[in-house]
Every structure is written in C-alpha cells, then in structure tokens.
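Trainee: Have a look at this prediction, sequence included:
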Amino acid sequence: MHRQLFKLIFLITVLFFTSLQANCEEIEVGASQTKEYIPLLKGKRVALLSNHTGMVGNEHTLDIMLKHGIKVTTIFSPEHGFRGNADAGEHVSSGVDSKTGIPIASLYDGKNRRPSEKVMGQFDILVVDIQDVGLRFYTYYVTMVDLINAANEYGKSVMVLDRPNPNGMYVDGPILDMKYKSGVGGLPIPVVHGLTMGEIATMANGEGWYKDGKNAELTVIKCKNYTHSMRYVLPVAPSPNLPNMHSIYLYPSTCYFEATPVSLGRGTDKPFQVYGHPNMIGYNYSFTPRSISGAKNPPQLDKTCYGVDLSNLSDDEIIAKGINLDYVIDAYRNLNLGDHFFRPFFELLIGNGSIRKMIKEGKSADEIKATWKSDVDKFIEHRRPYLLYAE
C-alpha cells in the first residue's frame with residue numbers, strides 16, 4: 001500500500017514539474033511575434049533600443065528586422081553597451097555596429113543620456129526590445145522612459161516588444177519618494193514592481209508619468225503564454241554581474257551593499273550571492289574580489305573578505321522572503337561603523353529616507369518591511385488596470 005502511494009506521489013510530482021517546464025517553454029517573447037509588428041514597421045525609419053538580450057532563439061531582433069526589410073537607422077545602447085560587456089556605470093562611447101554598419105547612439109557615455117536633435121531626426125518610430133529584471137534600481141527601464149520622453153517631444157511613436165519579468169511573481173519594497181529620483185529610480189513604483197517593460201510603459205501613459213504629462217503613441221507587442229505567476233528563466237544574462245537566476249533572485253536584497261564598503265561579490269563567480277568585508281569578524285566563509293571582465297575594479301579589490309555565502313539558499317526560499325534586509329543589517333552591526341557605513345547612494349537605491357534611520361535604531365528586517373506593506377498593497381491595486389498579463 002505504501003509502495004503504491006509512493007509511486008502515485010512520484011508520478012504526480014513528475015507530471016507537475018513537466019507541466020511547469022512545458023508552460024515555460026511555451027512562452028514567446030514579443031520580438032518573436034513578427035507577423036504582428038513587422039507590418040507596422042514597413043516603410044518607416046526605425047530606431048532600436050536593445051542590447052545583447054534582444055534575442056529570439058539564436059537571432060537578434062536587429063537581424064530579424066533587417067531580414068524582413070525594415071529600415072533600421074539607429075541603435076540606442078543602454079548601460080553595459082550594445083554588446084552587454086561593460087561594467088556597471090562604465091561610460092560607453094557611441095560608434096557603429098560592426099556587423100551591420102548601423103550607427104550606435106550610446107545613452108551611457110557619461111555626457112548626456114538624452115539623444116541629440118540630429119539623432120532624433122533620423123527615425124520615425126522607436127522600438128524597445130531589452131530584457132529587464134523587474135527592479136526599480138535596474139537602469140534599463142529608466143533608459144526606456146527617458147527615450148520615450150524624447151520621442152514624445154519630437155512626435156515619434158513607440159513600440160515595445162515585451163519580455164517576461166523574471167522577478168514578476170511578487171511586489172515588494174518601498175515606493176520611490178520622488179525626491180530621490182535618479183538614474184537608478186525613475187518612477188514612483190516599489191523596488192520589486194512586478195511589471196514588464198510593456199506594462200511600465202503603459203502605466204506611465206495612464207498615470208501621466210512622462211514629461212509634462214504627455215502620452216506616448218504606444219504599441220506593445222505582448223508575450224504569448226506568459227502570466228506573472230510563472231518563473232521565467234532568462235536565456236541570456238542581462239548584465240555581467242547577473243550571470244544566473246540565483247543572482248537575479250538575490251539582487252533585490254543584496255544590491256544595497258553598493259552603497260556601503262561591503263563587497264557583494266563583484267569580481268568573484270558569485271556576484272550578488274555573497275557579502276563580506278576584510279574587517280567583518282566571526283565568519284568562516286571568505287572570498288577575494290579580483291579584477292575580471294565586467295568587474296574591472298570591484299570594491300575590496302584583491303582583499304580577503306569575511307562574510308556570508310548566500311548561494312546555497314534555494315530559489316523558493318529567496319523568492320518567498322522577498323526583499324530581505326537581514327543581510328545589510330547583519331553587516332552594519334558587525335562592522336560597527338555608524339554613519340560611515342552608509343553612503344548617500346543608499347537612499348537612491350532603497351528610494352526612501354527612513355530606512356537607514358530604522359536600521360541605525362536597531363529595527364529588525366521584518367519591522368522595516370512592515371512599514372511599506374500598506375503601500376505595496378495599494379500599488380498592487382493601482383497597477384491592476386495596466387497589467388497585460390494575468391496575475
């Protein structure tokens with residue numbers, strides 16, 4: 001009897017995970033819906049905001065457009081560059097795509113993130129195809145919003161080829177206080193907002209979030225067979241220091257170390273999966289950041305850091321917890337640096353001026369999380385009319 005029950009449970013488990021895998025395999029990104037968007041681009045000059053993540057199988061969206069006779073006149077490249085190999089925050093020069101000869105206008109060259117009038121005059125429609133990771137401080141959506149503002153000013157239409165949000169299963173974190181608006185926070189949304197790029201663009205239209213309240217002439221080519229309850233495994237790493245899903249799932253909780261002296265693993269094989277400092281005590285785990293591609297000058301370069309390895313946590317555990325400030329609180333208390341622990345960048349990342357104060361007062365991670373719960377609940381309702389996919 002027990003043996004038969006075990007076999008039945010095993011069979012159900014196999015069928016369940018097979019079904020989940022099948023659902024994931026059926027997801028089709030917007031860029032694969034060529035019958036929907038190619039006819040809309042015929043006869044128009046196209047500017048493409050994309051990078052190395054703009055892939056459909058083994059083919060880039062740029063190549064798909066060119067194959068269908070679409071006239072692409074400009075490529076806009078975001079942080080990390082069109083090829084996606086530049087460090088975080090590294091200035092990337094404009095240039096020419098070596099494969100196609102199409103000019104690349106960098107939006108991360110350290111001078112001006114706004115395209116020139118000359119560049120804006122070279123296209124009729126802006127097409128966005130880039131893989132975001134669903135966090136308010138990840139810069140790709142900010143770049144999209146800035147470009148849409150420019151498109152609105154110059155009377156250009158916008159098309160978003162949508163992609164799933166790998167952190168789209170939940171919503172968490174304080175809503176951005178707009179006095180902290182920056183390149184790592186452009187809209188009044190929570191840290192983990194649960195929206196796709198197409199949904200962000202749609203919500204910004206509906207809420208009047210674009211400059212001067214202007215609405216974009218917007219078309220979103222939706223993903224097929226996607227819902228927000230699905231976990232979407234990215235086929236391409238979105239940036240050098242988010243090499244796998246484990247880093248992506250921990251990113252909402254460990255990115256705040258960017259605003260402290262603590263290393264979060266840049267320059268190791270576990271970026272955003274570990275944290276440590278040469279002066280942290282009481283830990284057996286250690287790591288040493290090195291200069292590597294995508295992290296040429298990481299914090300605590302060539303110094304042995306003592307701290308915590310989070311890579312053994314299960315994805316289920318990380319996702320269920322959501323934003324977890326226990327890690328930052330642990331390092332803050334261990335190093336005992338007081339006001340020297342946090343830098344002003346912390347408020348830009350967390351988007352709220354009270355979190356630092358609560359940590360210094362000794363509040364627990366759960367107590368701090370409780371302070372933003374009602375805002376999260378309100379945002380979940382607020383965003384509902386703009387969702388393009390089932391929750």
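Mentor: That came through, no problem.
Trainee: just checking, Asp326 touches Glu367?
Mentor: No. Between Asp326 and Glu367 there is no contact under Cβ atoms under 8 Å: 11.5 Å. To be clear about C-beta, it is placed using only N, CA and C from the backbone, and glycine gets the same treatment.
Trainee: Strands along the stretch 201-350 of the chain, start to end?
Mentor: Using DSSP state E, counting those that start in this stretch, the strands of the stretch 201-350 of the chain run over 218-221, 274-277, 285-287, 305-309.
Trainee: and the end-to-end length of stretch 44-62?
Mentor: Counting by Cα to Cα, to the nearest Å, you get 15 Å between the two ends of stretch 44-62.
Trainee: and stretch 352-370, how far apart are its ends?
Mentor: End-to-end for stretch 352-370, by Cα to Cα: 14 Å.
Trainee: Would you mind pulling the contact partners of that stretch?
Mentor: 172, 174, 176-177, 179-180, 322-326, 328-329, 332, 338, 342, 346-347, 350, 371-372 (Cβ atoms under 8 Å, 6 or more residues apart in numbering).
Trainee: re the thing from before, deepest in the core, which of the strands of the stretch 201-350 of the chain is it.
Mentor: Compared across the strands of the stretch 201-350 of the chain, strand 274-277 shows the largest average neighbour count, a mean of 26 (mean count of other Cβ atoms under 10 Å).
Trainee: Export that strand to CSV, keeping only CA atoms.
Mentor: The C-alpha trace of strand 274-277 is given here as CSV (Å, rounded to 0.1, in the frame of the first residue of the first chain):
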residue,chain,number,x,y,z
VAL,A,274,27.8,36.7,-1.2
TYR,A,275,28.7,39.7,1.1
GLY,A,276,31.7,40.4,3.2
HIS,A,277,34.4,42.8,4.3
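Trainee: name the element the residue nearest the centre of the chain belongs to?
Mentor: Residue closest to the mean C-alpha point of the chain, counted by Cα atoms, centre = their mean, is Val133 at 2.8 Å. Following DSSP states H and E, one finds Val133 outside all helices and strands.
Trainee: do the same with Val160
Mentor: Using DSSP H and E, Val160 falls in strand 157-161.
Trainee: Can you tell me what sits against that strand?
Mentor: Applying Cβ under 8 Å, 6+ apart, the contact partners of strand 157-161 are 29-31, 33, 37, 40-41, 54, 61, 124-129, 144, 148, 151, 197-198, 201, 216-221.
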